[in-house]
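Novice: Task: produce atomic coordinates for the following.
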Amino acid sequence: MALLGLARRFLKPVREERRLALGLVALLLVCETALCGLIVRFQPYTKIDFDAYMQQVDLFLGGERDYLQIKGETGPLVYPAGFLYVFSAIRYATGGGQVAIAQIIFGALYVANLAVVLAVYVAAGNVPVWSLGLLCLSRRYHSIFVLRLFNDCVAMLFGFVAVLLCQRSRLVWAAVAMSLGISVKMNLLLMLPGFLLLLVKGATLPRQLLALGAMAAVQVAVALPFVLAGQTPSYVAKAFEFSRVFIHHWTVNFKFVPEEIFVSSGFAKALLAAHLAALFAFASSRWCRRDGGVLAVVRKWCVSSAVSALPLIGVSIKVARGKALDQRTPLDPRFVADVLFGCNFVGIVFARSLHYQFYSWYFPTLVFLLFSARGIAVPVKVALYFLIEVAFNVFPSTPWSSLALTGCHLVLLLGYFMSDLEEAGPAMRRRRKKE
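Specialist: As a prediction, the model looks like this:
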């Protein structure tokens, strides 16, 4: 009976069994630390990009400031300068790029990343306790960190720290963390529309401006050595190269699309249009539904911003008591995860190409998304989870594996869109009582 009772507790949402969930989190972190050690010890390192990273860092440390000339064996540098600082630090810490030491560092990075993600899940509280274990079952996700040492791992750590800070309504610090992640790799731009929405809903105009200013300041700071050297054009051209066309051979999600269509500008424009349309649909029907839609939120923001800005230009107005236009409420942790994870996933679904390391962009969010989706039975959710994992373990990808992956993405996106966002956290309950 005691075991049956314990099993039933594992089926409950994390918010109802917080102590049990925290105990499971501690156990998972201990087991994952040991597993990463075993992987480093017994699994051979896979040489892909790390040597090229070290070559690019060597040129930077040697004084090269023309971004067009910073290259490695895999080609030119195509990441913002935060990447160079991170991997310069790794180069020093590893005595010039010794892979074995770098693997230990990335093992620690994996555990730190998992700890932050688990903290986000505990704060959100909506998934069943047992499902936290699914966050540790990906073979591909482990290999991206410990065996392949991709810069995506560093960028996503900053990204998940930003999500956690948003859950705690530390939006300015979240902006700093997100901008640091973008400076390592631009994929965090997928979360940016959601972050801007959280700023509008959760911060006053001065805090919004401070957060945006902090994001810009981080980008200026990391680019400063290149700006001072007069290499601003080359830096911007390569660090933020949005026009880059991916190679059809390496795509994981669109291998079933003929190559001539895959590389065409029309295909890219169609995906971009679908991406923007999906974001608008989610913002209107899910994230801003209680506010009357995203356009209503924008109108209210314009009015409240104008009211807040008037005193700055010497104009004072009277607002009736209880009718202030620039009131903000604490952000509900569930809502924060829903917006940022959902916004990121919409970008994934309509990404022109996913490579294997891009799995790190959204694998930690899958459990949240699956258990937030409506009309999908739990066994089907688990099946979708494993089908996505299998698709990312087929190497090289095939038309069938990429078709299966895209199909899983679309099923999950539809189920997620059809579900209601249950704003059940403490902050949202307080808001409802006020309303």
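Novice: for the stretch 51-200 of the chain, what spans make up the strands?
Specialist: Assigned by DSSP state E, counting those that start in this stretch, the stretch 51-200 of the chain shows strands spanning 71-72, 75-76.
Novice: quick one: strands adjacent to the last one?
Specialist: Pairing partners of strand 75-76, with direction, according to DSSP bridges: strand 71-72 (antiparallel).
Novice: roughly how far out does the strand it pairs with sit from the chain middle?
Specialist: 27 Å (C-alpha atoms, centre = their mean, to the nearest Å).
Novice: And for that strand, what's in contact with it?
Specialist: 51-56, 59, 77 (C-beta atoms under 8 Å, 6 or more residues apart in numbering). C-beta coordinates here come from the backbone N, C-alpha and C atoms, glycine included.
Novice: Can you turn the buried part of these into a ChimeraX selection?
Specialist: One line in ChimeraX is enough to select the buried members of those, burial here meaning 16 or more other C-beta atoms under 10 Å:
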select :52,53,54,55,56,59,77
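Novice: And the contacts of stretch 75-89?
Specialist: Residues lying outside stretch 75-89 but in contact with it, judged by C-beta under 8 Å, 6+ apart, are 52-54, 56-57, 60-61, 67-68, 70-71, 151, 154, 180, 182-186, 219, 222-223, 225-226, 235, 238-241, 244.
Novice: now it: mean pLDDT?
Specialist: When pLDDT is averaged over stretch 75-89, the result is 95.
Novice: next one: stretch 272-287
Specialist: Across stretch 272-287, the average pLDDT comes to 94.
Novice: ok now that stretch, how far from the chain's centre?
Specialist: Per C-alpha atoms, centre = their mean, the displacement of stretch 272-287 from the mean C-alpha position of its chain is 17 Å.
Novice: cool, stretch 330-337 as well?
Specialist: Stretch 330-337 has its average C-alpha position 15 Å from the chain's average C-alpha position, going by C-alpha atoms, centre = their mean.
Novice: next one: stretch 249-269
Specialist: Remark: stretch 249-269 is offset 24 Å from the chain centroid, using C-alpha atoms, centre = their mean.
Novice: in it, what counts as buried?
Specialist: Residues of stretch 249-269 classed as buried under the neighbour-count rule (16+ other C-beta under 10 Å) are 251-257, 262-263, 267-268.
Novice: Likewise for stretch 367-387?
Specialist: Burial within stretch 367-387, assessed by neighbour count using 16+ other C-beta under 10 Å, is assigned to 367-373, 376, 381, 384-385, 387.
Novice: Nearest residue to E73 in space, please, no chain neighbours.
Specialist: A52 (5.0 Å; C-beta to C-beta, 6 or more residues apart in numbering).
Novice: quick revisit: which of the buried residues of stretch 249-269 lies closest to T46?
Specialist: Ranking those by separation from T46, with C-beta to C-beta as the measure, puts V252 on top at 16.2 Å.
Novice: quick one: contacts for the closest one?
Specialist: V252 makes contact with 353-356, 358, 391-392, 397, 401-402, 405 under the criterion C-beta under 8 Å, 6+ apart.
Novice: and if we set it to 6 Å?
Specialist: Contacts for V252 were tallied using C-beta atoms under 6 Å, 6 or more residues apart in numbering; they are 354, 397.
Novice: Regarding it, what is its secondary structure?
Specialist: coil (DSSP: H, G, I helix; E, B strand; the rest coil).
Novice: quick one: pLDDT of it?
Specialist: Among the per-residue scores, V252 shows a pLDDT of 96.
Novice: what's the answer for G96, then?
Specialist: 89.
Novice: Torsion angles phi and psi at it?
Specialist: The phi/psi pair for G96 (degrees, to the nearest 10) reads phi 100, psi 10.
Novice: Let's see the pLDDT reported for the spatially closest residue to it that is not a sequence neighbour.
Specialist: If you skip the residues right next to it in sequence, G96 has M54 as its closest partner in space, 7.8 Å away by C-beta to C-beta, 6+ apart. What the model reports as pLDDT for M54 is 96.
Novice: I figured M54 was touching G97, is that so?
Specialist: Yes - look at M54 against G97 with C-beta atoms under 6 Å: they come within range, at 4.0 Å.
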